[in-house]
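Colleague: Following is a predicted model, sequence given first.
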Amino acid sequence: MPSRSVRPLGAKPLTSEEYLSVTQLSERVPYKPKTIRNLMCRGVFREGVHFTRLTGRPIFLWSKVEALLREGTHGRKGKSRSTHQSPLS
C-alpha cells in the first residue's frame, strides 16, 4: 500500500495557483469589491488574464493580480503616478 502524506486539519492543499472571489481579493488589496468590479469594466483586470468566470462569477488568479500590482501601471500607458521608486523594482 503506498504511503499518503497527511496534512494538518484545516491546512490548504498545495496548489500552483490560488483562486479568489471578488470579496476575497478585496480583503487582500486596498480596494472595495465595487472598485474591483469597476476595474474589470475598465479593462484593468482582463478576463482570461487576471480572472475567469466558471459560473458567471469572476474568479481571480492571485499570481496574475499580484504581477499587475507589482507592475504599477495598472494598464495605463506610461509611468505610474507614484514619484518614489518601488522596492520591488
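Modeller: Structure received.

Colleague: All the strands of this structure, residue numbers only.
Modeller: All strands of the chain, identified by DSSP state E, fall at 19-20, 51-53, 58-61.

Colleague: Now these in TSV, please, with extra columns for distance to Arg37, mean pLDDT and mean neighbour count.
Modeller: C-beta coordinates here come from the backbone N, C-alpha and C atoms, glycine included. Shown next, in TSV, are those (distance: least, Cβ to Cβ, whole Å; pLDDT from 0 to 100; neighbours: other Cβ atoms under 10 Å):
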stretch	distance to Arg37	mean pLDDT	mean neighbour count
strand 19-20	14	96	16
strand 51-53	11	97	15
strand 58-61	8	97	18
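
Colleague: Columns distance to Cys41 on top of those strands, output as JSON lines?
Modeller: Below are the strands of the chain laid out as JSON lines (distance: least, Cβ to Cβ, whole Å):
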{"stretch": "strand 19-20", "distance to Cys41": "18"}
{"stretch": "strand 51-53", "distance to Cys41": "12"}
{"stretch": "strand 58-61", "distance to Cys41": "11"}
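
Colleague: between those strands, which one is nearest to Ser26?
Modeller: Comparison of the strands of the chain against Ser26 by Cβ to Cβ identifies strand 19-20 as nearest, at 9.1 Å.

Colleague: What helices and strands are in contact with the closest one?
Modeller: strand 58-61, helix 62-71 (3 or more Cβ pairs under 8 Å, 6 or more residues apart in numbering; DSSP states H and E).
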